[in-house]
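Colleague: This is the structure alone, sequence omitted:
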């Protein structure tokens, strides 16, 4: 009979309601066996509709103002035009820079697709993903 080598139990991540050990992933009271999680994939949700709308509006206003300044040749607009265009362009840039990335981790568990983590903080999301990868590798190594 071949002896199986068992490595000691390890905790790879513990923060708030998320615990990742070499055998289990526990999130908000839900528990998943690490060895059964397959096809892990991270998804970044699309931009907020307000961000997209402000960018589109800024593009339209910049094009309209540039056309109006070019056609009128008014000296006051040559100086005031960039100021008028700067406001919507600034709002668009700030909305893209300040928006939070909504990151989600999905996996196949048994015969269903489950959402494991849904986090707005990119640093924490990446830590959870790395810990889950290490836990899977550790489990594979222990079961050889």
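Modeller: Happy to help now that I have it. Since the structure is predicted, the reported quantities are computational estimates derived from the model, not experimental observations. Residues are numbered from 1 along each chain as shown.

Colleague: need the strands for the protein, in chain order.
Modeller: 11-15, 18-21, 24-27, 30-33, 37-44, 103-109, 112-119 (DSSP state E).

Colleague: Between these, which one is closest to residue 57.
Modeller: strand 37-44 (23.6 Å; Cβ to Cβ). (C-beta placed from N, C-alpha, C; glycine too.)

Colleague: Below-threshold pLDDT in this structure: ranges please.
Modeller: Along the chain, the parts satisfying pLDDT under 70 run over 1-8, 100-101, 120, 144.

Colleague: For it, which segments count as helices?
Modeller: Using DSSP state H, the helices of the chain run over residues 49-72, 75-98, 122-142.

Colleague: which helices and strands does the shortest one pack with?
Modeller: Think helix 122-142. strand 11-15, strand 18-21, strand 37-44, strand 103-109, strand 112-119 (3 or more Cβ pairs under 8 Å, 6 or more residues apart in numbering; DSSP states H and E).

Colleague: per the record, what domains does the chain have?
Modeller: When the chain is parsed with automatic domain parsing, its domains come out as 11-45+102-142, 49-98.

Colleague: measure residue 142 to residue 99 for me?
Modeller: According to Cβ to Cβ, to the nearest Å, residue 142 stands 41 Å off from residue 99.

Colleague: do residue 62 as well
Modeller: Counting by Cβ to Cβ, the gap from residue 62 to residue 99 is 20 Å.

Colleague: more crowded one of the two?
Modeller: residue 62 (18 against 12; other Cβ atoms under 10 Å).

Colleague: which ones are touching that one?
Modeller: Counting by Cβ atoms under 8 Å, 6 or more residues apart in numbering, residue 62 makes contact with 85, 88-89.

Colleague: now residue 58
Modeller: 88-89, 91-92.

Colleague: at 6 Å instead, please
Modeller: 88-89, 92 (Cβ atoms under 6 Å, 6 or more residues apart in numbering).

Colleague: All good on my end, thank you.
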